[in-house]
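In: have a look; sequence and predicted model below, questions after that.
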Amino acid sequence: MRQGWTTVLAALLVVTAGCAGFAPDGDETPAVTETATPTPSNPSAVTYPSGWNATGVNASVALRSHYTAVLTGPSATVTYRSEVVESEGIPRRNTTLDMRLDTADRRLYASIEGKTNHRIAYFADGTLSRWDARNETLVGQSSARFGEVAQSIDNGVLYSHLLLYDLEFERTVRRQGTTALVYDVTGAYSNTLSRTYGSARDATGQVVVAADGRVLEIETTVTYSEGTLRYHYAQTRVGETDVAMPDWLSSA
């Protein structure tokens, strides 16, 4: 089910690169393992998370459901990559996000490297500290709330992706210790635009959402009128993520 308004996709490269970021060095995203579970032959018999159904997603409702699950659930590691596969005369600018969330101790550490900058940040005890990795300087500290900071990092990316795809429920699996629903990406919503790469013409891949609404993975390839991009968003190490104070902050 598609929401009934024309979607303008805020270019994901711009959305991500424009955020203040955070992240640990040297960690690799663990391989995702999943186990097949019995899937009802009738999609109407499946229990869907809030905002989801057999033929798609209500993006705004699903986003609220996702952050409720994230902020009230265990710790997690969040990664996002956007890679330009090809483009029509547009410079290739990839974007990388790595973020750790400790919901019990209300700490966050993430890194965002975009087209023009590389920002790192750390949140603990009600204070958000931001670091310019390229200049190796502390650029600011401010009071903030954990929930607001956590959502501000990947909110634009997730919302844009949930609006972008035509989806169809395919099967249920066991992943990250919970039941999850796998959706096939059957195309791109016809009214979706990227400010950089033009109109979305086609999309393939899959979206995986946990039973509680947490978006576990988005892995897609999107063809725009001016280029092709590959996207990967994932939440891993659920309940197994630690967040430590970075060296740059302790020595600042």
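Out: Looks like it came in fine. Quick caveat: nothing in here was measured; it's all calculated off a predicted structure.
In: Leu63 against Leu162, yeah?
Out: Yes. Under the criterion of CB atoms under 8 Å, Leu63 makes contact with Leu162 at 6.6 Å. C-beta: built from backbone N, CA, C; applies to glycine.
In: any weak-confidence spans in the protein?
Out: Scanning the chain for pLDDT under 70 picks out the ranges 1-43, 115, 252.
In: name the single longest helix found in it.
Out: Longest helix of the chain, by residue count under DSSP state H: helix 146-164.
In: chain center to that helix: distance?
Out: Taking CA atoms, centre = their mean, to the nearest Å, one finds the center of helix 146-164 at 7 Å from the center of the full chain.
In: of Leu63 and Leu162, which one has the most company?
Out: Leu162 (25 against 20; other CB atoms under 10 Å).
In: for the helix or strand just after the longest helix of the chain, buried residues please.
Out: Going down the chain from helix 146-164, the next helix or strand is strand 165-175, by DSSP states H and E. Residues Tyr165, Asp166, Leu167, Phe169, Glu170, Arg171, Thr172, Val173, Arg175 are the ones in strand 165-175 that count as buried (16 or more other CB atoms under 10 Å).
In: which residues sit against the next helix or strand after strand 165-175?
Out: As assigned by DSSP H and E, the chain's next helix or strand after strand 165-175 is strand 178-188. Outside of strand 178-188, the residues within contact range by CB atoms under 8 Å, 6 or more residues apart in numbering are 34, 37, 46, 48-49, 52, 57, 164-174, 200-212, 216, 220, 222-223.
In: in stretch 228-236, what's buried?
Out: So, applying 16+ other CB under 10 Å, buried residues of stretch 228-236: Thr228, Leu229, Tyr231, His232, Tyr233, Ala234, Gln235, Thr236.
In: coming back round to it: among the buried residues of strand 165-175, which pair sits farthest apart?
Out: Asp166 and Arg175 (22.7 Å; CB to CB).
In: got the contact list for Arg130?
Out: Neighbour list for Arg130: Ala20, Arg119, Ile120, Ala121, Leu138, Val139, Gly140, Gln141 [criterion: CB under 8 Å, 6+ apart].
In: quick one: which of those is most hemmed in?
Out: Neighbour max across the contacts of Arg130 (other CB under 10 Å) = Ala121, 27 neighbours.
In: sorry, back to before: between the buried residues of strand 165-175, which sits nearest Asp105?
Out: Nearest to Asp105 among the buried residues of strand 165-175, with distances taken as CB to CB, is Arg175, at 25.2 Å.
In: who's the closest one bridged to?
Out: Glu34, Thr178 (DSSP bridges).
In: residues of the longest helix of the chain that come out buried?
Out: 146, 149-151, 153-164.
In: re the thing from before, so which of the contacts of Arg130 belong to helices?
Out: Per DSSP H, the subset of the contacts of Arg130 in helices is empty.
In: in the stretch 51-200 of the chain, which spans are strands?
Out: 52-53, 56-57, 76-87, 95-102, 107-113, 118-124, 127-132, 137-143, 165-175, 178-188, 193-194, 198-210 (DSSP state E, counting those that start in this stretch).
In: strands paired with the fourth one, and their directions?
Out: Pointing back at strand 95-102 there. If you go by DSSP bridges, strand 95-102 pairs up with strand 76-87 (antiparallel), strand 107-113 (antiparallel).
In: just say which of these is most tucked in.
Out: Of all the strands paired with strand 95-102, strand 107-113 has the most neighbours on average by mean count of other CB atoms under 10 Å, namely a mean of 23.
In: test my guess that Ser199 contacts Tyr224.
Out: Yes. Using CB under 8 Å, Ser199 is in contact with Tyr224, at 6.5 Å.
In: who touches Glu226 in this structure?
Out: Taking CB under 8 Å, 6+ apart, one finds Ser87, Glu88, Gly89, Ile90, Thr196, Tyr197, Gly198 in contact with Glu226.
In: which residue is the nearest non-sequential neighbour of the third one?
Out: Once flanking residues are discounted, Gly89 sits nearest to Glu226: 7.9 Å by CB to CB, 6 or more residues apart in numbering.
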